[in-house]
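**Q** predicted model, plus sequence, below.
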Amino acid sequence: MKVHDARPKEGSRRSRKRVGRGRASGHGKTSGRGENGAKSRSGYSRKVGFEGGQMPLVRRIPKRGFKNPFRLEWAEVNLDRLAAFKAGSVVDADALREAGIIKGGFDKIVVMGRGELGVALTIKVHRFTSSAVSKIEASGGVAEVVQ
């Protein structure tokens, strides 16, 4: 068998429904849309959350609390995770993403002090805890705060 001989399996492909082509076709007159209602009209598009005039679920359930639109999501990275980098390397947001230590969806990065850091690294992130700074400097590294 060659590529030009390839055909779909018998019965796997159906011809499209040709609507509005007379009563004998079975899809004439209303073209399968039924008699009345919004769905039978041209230009109809269902609105998200619309439930046919019934009070939508999103409006029925009670709302609680406050969602701050300006909240920043912090990615927390511990020192024991940074031990995987080679000595003397620069660790920033891009390097952390490449290493798979942080994923996307974070606004800022904070380095926490859990674990030990055995290699000297230059770490450039948005915030450090005081214990993290002391451990980084004790290992001969540099903790730089970026904005």
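**A** In hand now; what should we look at? Please read these numbers as outputs of a predicted model, since none were measured by experiment.
**Q** Lys39 belongs to a helix?
**A** Yes: the secondary structure assignment for Lys39 places it in a helix, going by DSSP: H, G, I helix; E, B strand; the rest coil.
**Q** show me where the protein dips below the pLDDT cut-off.
**A** Residues of the chain that meet the criterion pLDDT under 70 are absent altogether.
**Q** closest to the centroid, which residue in it?
**A** The structure's the chain has its C-alpha centroid closest to Gly105; by Cα atoms, centre = their mean the separation is 7.7 Å.
**Q** that one and Glu73 touch, don't they?
**A** Yes: if you go by Cβ atoms under 8 Å, Gly105 and Glu73 touch, sitting 6.6 Å apart. The C-beta positions use only the backbone N, C-alpha and C, and glycine is treated the same way.
**Q** hey, which helix is longest across this protein?
**A** Across the chain, the longest stretch assigned as helix under DSSP state H is helix 130-138.
**Q** can you give me the buried ones in that helix?
**A** When burial is assessed from 16 or more other Cβ atoms under 10 Å, helix 130-138 yields the following buried residues: Ala132, Val133, Lys135, Ile136.
**Q** and those as CSV, adding distance to Gly28?
**A** Output for the buried residues of helix 130-138, formatted as CSV (distance: Cβ to Cβ, whole Å):
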residue, distance to Gly28
Ala132, 74
Val133, 78
Lys135, 79
Ile136, 77
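**Q** can you give me the strands for this protein?
**A** Using DSSP state E, the strands assigned to the chain run over residues 74-78, 90-91, 108-112, 122-125, 127-128, 142-145.
**Q** nearest to Lys9, out of those strands?
**A** Lys9 lies closest, by Cβ to Cβ, to one member of the strands of the chain: strand 74-78, at 50.0 Å.
**Q** quick check: neighbours of the closest one in the sheet, parallel or antiparallel?
**A** In its sheet, strand 74-78 lies beside strand 108-112 (parallel), with partners assigned from DSSP bridges.
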